[in-house]
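> Next input, structure requested:
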Amino acid sequence: MITTQQKTRKSSQQYTVSSQKLRPKRTLKRTLKKPAAAPKQTPQKKSSQKQVSQKQVSQKQALQKQSSKKQVLKKQSPQKQSSKKQSLQKQALKKQSLQKKQKNSAKKPLSKSSAKKSLSTIPVLSVQNLRKSFTIANNKPSHILRGLNLVAYKGETIAIMGRSGSGKSTLISIITGLEKPDDGMVTIDEENIAAMEENELTAFRAKKIAIVFQQFHLISHLNALENVTLPLNLIGEKEGITERAEAALTQLGLAHVKAQLPSQLSGGEQQRLAIARSLVVKPSILLADEPTGNLDQETSQKVVAQLFDVVKKNNVTLIIATHDLELAKKCRSRYFLEKGILRSF
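Okay, here's the model as predicted:
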């Protein structure tokens, strides 16, 4: 008899046999290898390849543009080349016309705007650390100027006020070179006149410095025209003397009295004649010491109006020493001389 244990053994043996028969097929399927897949590219490698290709494309495009430009330049018609030449010629003509305008404007009297520019760029007078003293009773020195400083620019008008005896006339005399300072430097057109010899100073003063005093100092036996031509003769001018003198008389409204002697003229006419004589040489600076001191109010107003008009037209630097506040107000810069120094007001 077959027991239950034997039956179970047989069934387990059969299961193992069948499983052994089936296993080789499964192992074959597992051992079959698939072909290796291509390695995946990283995003960095892809971007670098794209950049390289873009660079190659841009280089090709640049070469194509250069070749096209060369072809266009080669194909340009002679008409276009001539038009370019014409435009260059027009530009050159414009430059020449601008240069001519600048030269002509330099000869003409300056306008207000150009005068302001010249004031800031062209110094005519420079007074530095000026000192002057006089000996009075008991051999005591009287210090008139104590380290005075002053700068004047081309076309500028300056008024110097002060009490009697404050040193206004002394300052004017030193600037004109008629007196020597004890110390300091006076420069006109970059020339130190305080260091000049007498002959050199006289020649320099005749050409560069004009002076108008309270007294007229006209030559009594010479007529008005001859008085005005005198400075031109002194500096050695030979051509156009009469014409220049007549023009100066006309500017000051004295053309009708050119043949008359100073004694035949009024006080206002004599002062205007003195101004015409001082400006005929076209000086760099005009110094006036109380120019209206001997004139009545109405006459002085007329003389002052003509003086400022002529100074402006000729672009001359004007320095006036005066007691007249109304006259001082007409000047661009105003100073008060006190205790040997200048104070602006």
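
> Shouldn't Ala259 be within a helix?
No: counting by DSSP: H, G, I helix; E, B strand; the rest coil, Ala259 falls outside a helix, being coil.

> Mind checking what secondary structure Thr250 has?
helix.

> ok, Met185 touching Gln128?
Yes: Met185 sits in contact with Gln128 when judged by CB atoms under 8 Å, with a separation of 4.8 Å. Every C-beta, even on glycine, is put in place using the N, C-alpha and C of the backbone.

> Tell me which stretches of the stretch 201-345 of the chain form strands.
Using DSSP state E, counting those that start in this stretch, the strands of the stretch 201-345 of the chain run over residues 209-212, 285-289, 317-321, 333-338, 341-344.

> deepest of those, which one?
When the strands of the stretch 201-345 of the chain are scored by mean count of other CB atoms under 10 Å, the highest mean neighbour count falls to strand 317-321 (a mean of 25).

> Kindly provide the whole-number mean pLDDT of it.
The average pLDDT within strand 317-321 is 97.

> which strands and helices sit next to that strand?
Helices and strands touching strand 317-321, by 3 or more CB pairs under 8 Å, 6 or more residues apart in numbering; DSSP states H and E, are strand 123-135, strand 141-153, strand 157-161, helix 168-176, strand 285-289, helix 297-314.

> and Ile241, which of those is closest to it?
helix 297-314 (17.5 Å; CB to CB).

> quick one: buried residues of that closest one?
Judged by neighbour count (16 or more other CB atoms under 10 Å), helix 297-314 contains these buried residues: Thr299, Ser300, Val303, Val304, Gln306, Leu307, Phe308, Val310, Val311, Lys312, Asn314.

> between these, which is nearest Ala203?
Asn314 (21.3 Å).

> now the helices and strands packed on strand 317-321 in JSON lines, with distance to Gln264?
As requested, the helices and strands packed on strand 317-321 are exported to JSON lines (distance: least, CB to CB, whole Å):
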{"stretch": "strand 123-135", "distance to Gln264": "36"}
{"stretch": "strand 141-153", "distance to Gln264": "36"}
{"stretch": "strand 157-161", "distance to Gln264": "32"}
{"stretch": "helix 168-176", "distance to Gln264": "29"}
{"stretch": "strand 285-289", "distance to Gln264": "24"}
{"stretch": "helix 297-314", "distance to Gln264": "16"}
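
> okay, those in JSON lines with mean pLDDT next?
As requested, the helices and strands packed on strand 317-321 are exported to JSON lines (pLDDT from 0 to 100):
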{"stretch": "strand 123-135", "mean pLDDT": "93"}
{"stretch": "strand 141-153", "mean pLDDT": "93"}
{"stretch": "strand 157-161", "mean pLDDT": "97"}
{"stretch": "helix 168-176", "mean pLDDT": "95"}
{"stretch": "strand 285-289", "mean pLDDT": "95"}
{"stretch": "helix 297-314", "mean pLDDT": "92"}
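
> do you know which of those lies nearest Leu325?
strand 157-161 (7.3 Å).

> now for the closest one, which elements pack on it?
Strand 157-161 is packed against helix 168-176, strand 317-321, helix 325-329, strand 333-338, with contacts defined by 3+ CB pairs under 8 Å, 6+ apart.

> Report the separation between the closest residue to Phe213 other than its chain neighbours and Ala210.
Counting by CB to CB, 6 or more residues apart in numbering, the nearest residue to Phe213 once its immediate chain neighbours are dropped is Asp289, at 5.4 Å. Using CB to CB, to the nearest Å, we find Asp289 at a distance of 12 Å from Ala210.

> same deal with Gln260?
Counting by CB to CB, the gap from Gln260 to Ala210 is 23 Å.

> Could you do Leu148 as well?
22 Å.

> same thing with Arg334?
Using CB to CB, we find Arg334 at a distance of 21 Å from Ala210.
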